[in-house]
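Undergrad: Need the 3D shape of this:
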Amino acid sequence: MTTTDTPTQLRADARTEAIVPFWPPWDVHHVTQGSATRSLPSKVASVSSGVRQLAALADAARALQTLDARFIHHDGAAALLAASAETLAAIAEADIVSSESREIMRLRAEALSRGSGYEQAAVREAELTTSQPLTVICGPMCTWRLKSRRPLHSLIASVGHAEGSCLVETIDRALEPALTVMRHDLGIAELSARPACAMVVDDLMACGGEANAFPKHFAYFLPEDEGVQGADSNKTLVFANVYQERYDLISAPLGRALLDPEPLPQGAGAVQILLAWFRGHDIGHSVELPETSYDRWAKPLGHERFMMLQETLADVYGFLLALTPEWRQAGGYSTEGLCGVFLAEMLHYLRRGPWLYGDAGAAYLELSYLIQHRYVSLAPGGERIRWEPEALCDGMQALAGTLARELLAARDSSEPAGFIQQYGWEGRNFDAHSVVGALRRALGHVPTALAYGRGES
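TA: Residues are numbered from 1 along each chain as shown. Here you go, the predicted model:
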């Protein structure tokens, strides 16, 4: 982006793309090889060969599939799915596999053999709300809405992450006290959160097919991402090792370059914060007031703008949940550490292009609000972000109050639209544009995506 680029020009150019790219097309991007699939427990050695075969078969099957999920060579695809079914059925009999997962894998193998009927296994998978020694999802999976709305053939294999699962269980037990603290701090007694779906924390072992395409995900929402809508049970499956690798190789370098100061936790300490914030983000999507009605204003705004505001709500209220003493004590992290990780992740999402995607647009809204109201400031040159933990926390609380008034209590689309106009990429104030420019120019050497191996251990 040059200094003469405008939001209007950027949006117009983006619309000329046949398929909206997952990174701004004018930038230089590169992929780095991550180590997220290494150092897995020795107990998976007995299935590692079969998992690698499934991943390779998934890559081959996806290569025969169009974006509307049709196979262009039916005999070839049938042979690949049959081989996948045989391999998955063999993996299901391994000692490492729990009885619950074994039954689901058998259902998946049957569906692969038929080439249809994946829904039953998907629903059963979502109902299994505790981390398993081995999870294998093989079949249609949604990954990138702007690429295709149809589930495409994928393979995901993961193993349980005990520490992450323990953390989520602990902070979930502290949710009601944390909500009470948040209500008090915000002065909003009627603020509530609907019961959140379960969150299962695993380590990724291998991925294949559409799940191995870009952009790669660190979390899936089941069974929705398997193409099943309206199920009674839902869960979030998050890969702690991928999340940490993504943070270490992308978010943290961006933070070290643009945050002043830059107290960024590393290793296991960062993972605890990332998981706590992401759990808060999950719950933040369900925060509401008695008068909240998205039907009043979602449709007039359009899908992308509505999703941008939804992601903003989840980001902000998720941060405030993670900030409560109850959650910080459970996760063993500091306020300063949480703030640093949050800002680094904000930069990561902002880099995706706030004119293209809802999550990047949400990051821009948040940073713009903080700058305009002087909770953070830009150093001379307009690229480095000067911040202090106390002021940032005050700013996030102020932003949460604004969101409650203008989004959660909105009577029509005028207030949400006004919020976007005030703080969004195309709004009246472009304070955060220079940060976006730095992310796209000076920091082009920082990876924009990660690739993973076949799960060799």
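Undergrad: which stretches of the chain have low pLDDT?
TA: 1-21, 35-39, 263, 453-457 (pLDDT under 70).
Undergrad: can you do 80?
TA: The model of the chain has pLDDT under 80 over residues 1-28, 33-42, 145-146, 195, 262-263, 266-268, 427-431, 452-457.
Undergrad: For the residue positioned nearest the centre of it, which non-adjacent residue is closest in space?
TA: The chain has Ala219 as the residue nearest its centroid, 5.7 Å off, counting by C-alpha atoms, centre = their mean. Once flanking residues are discounted, Ala219 sits nearest to Val238: 4.2 Å by C-beta to C-beta, 6 or more residues apart in numbering. All C-beta spots, glycine's among them, are computed from the backbone N, C-alpha and C.
Undergrad: hang on, isn't the one you found packed against Trp277?
TA: No: judged on C-beta atoms under 8 Å, Val238 makes no contact with Trp277 at a distance of 11.4 Å.
Undergrad: hang on, the earlier thing: quick one, what contacts the residue nearest to Ala219?
TA: Gly164, Met199, Val200, Val201, Asp202, Phe218, Ala219, Leu275, Phe278 (C-beta atoms under 8 Å, 6 or more residues apart in numbering).
Undergrad: Recalculate using a threshold of 7 Å.
TA: Contacts for Val238 were tallied using C-beta atoms under 7 Å, 6 or more residues apart in numbering; they are Met199, Val201, Phe218, Ala219, Phe278.
Undergrad: Likewise for Cys393?
TA: So Cys393 contacts Leu323, Thr335 (C-beta under 7 Å, 6+ apart).
Undergrad: before we move on, what about Ala193?
TA: Contacts for Ala193 (C-beta under 7 Å, 6+ apart) come out as Leu179, Ile283, Ser286, Val287.
Undergrad: again with Arg305
TA: Contacts of Arg305 by C-beta under 7 Å, 6+ apart are Ile420.
Undergrad: Check the one 10 residues further on too.
TA: Neighbouring residues of Asp315 by C-beta under 7 Å, 6+ apart: His281, Gly284, Ala362, Glu366.
Undergrad: Export stretch 153-170 to CSV, keeping only CA atoms.
TA: Only the C-alpha atoms of stretch 153-170 are listed here, as CSV (Å, rounded to 0.1, in the frame of the first residue of the first chain):
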residue,chain,number,x,y,z
HIS,A,153,-12.4,-33.1,1.7
SER,A,154,-10.0,-32.8,4.6
LEU,A,155,-8.0,-34.8,7.2
ILE,A,156,-7.3,-33.6,10.7
ALA,A,157,-5.5,-35.7,13.3
SER,A,158,-4.8,-34.4,16.8
VAL,A,159,-3.8,-35.7,20.3
GLY,A,160,-5.0,-34.4,23.6
HIS,A,161,-3.3,-31.5,25.3
ALA,A,162,-3.7,-32.1,29.0
GLU,A,163,-2.5,-28.7,30.3
GLY,A,164,-4.7,-26.7,27.9
SER,A,165,-7.7,-28.8,28.7
CYS,A,166,-7.1,-28.3,32.4
LEU,A,167,-6.8,-24.6,31.9
VAL,A,168,-10.1,-24.3,30.0
GLU,A,169,-11.9,-26.4,32.7
THR,A,170,-10.5,-24.2,35.4
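Undergrad: Pull out the buried residues from that stretch.
TA: The neighbour-count check on stretch 153-170 (16 or more other C-beta atoms under 10 Å) flags 153-161, 164-165, 167-168 as buried.
Undergrad: do the same with stretch 75-85
TA: Ala77, Leu80, Leu81, Ala82, Ala83, Ser84, Ala85.
Undergrad: Next up, the contacts around Ser154.
TA: So Ser154 contacts Ala58, Met141, Gly208, Gly209, Glu210, Ala211 (C-beta under 7 Å, 6+ apart).
Undergrad: now, among the contacts of Asp315, which is nearest to Gly187?
TA: Gly284 (18.2 Å; C-beta to C-beta).
Undergrad: my guess is the closest one contacts Leu320, does it?
TA: No: contact criterion C-beta atoms under 7 Å: Gly284 and Leu320 do not qualify, at 8.3 Å.
Undergrad: Make sure Ile273 is actually in contact with Gly332.
TA: No: the criterion here is C-beta under 7 Å, and Ile273 misses it with Gly332 at 9.4 Å.
Undergrad: Apart from its neighbours in sequence, what residue is nearest Gly164?
TA: Val201 is the one closest to Gly164 (C-beta to C-beta, 6+ apart), at 3.2 Å.
Undergrad: Now distance to His348 and secondary structure too, for the contacts of Ser154, in JSON lines please.
TA: Converted to JSON lines, the contacts of Ser154 look like this (distance: C-beta to C-beta, whole Å; DSSP: H, G, I helix; E, B strand; the rest coil):
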{"residue": "Ala58", "distance to His348": "27", "secondary structure": "helix"}
{"residue": "Met141", "distance to His348": "23", "secondary structure": "strand"}
{"residue": "Gly208", "distance to His348": "25", "secondary structure": "strand"}
{"residue": "Gly209", "distance to His348": "25", "secondary structure": "strand"}
{"residue": "Glu210", "distance to His348": "22", "secondary structure": "helix"}
{"residue": "Ala211", "distance to His348": "20", "secondary structure": "helix"}
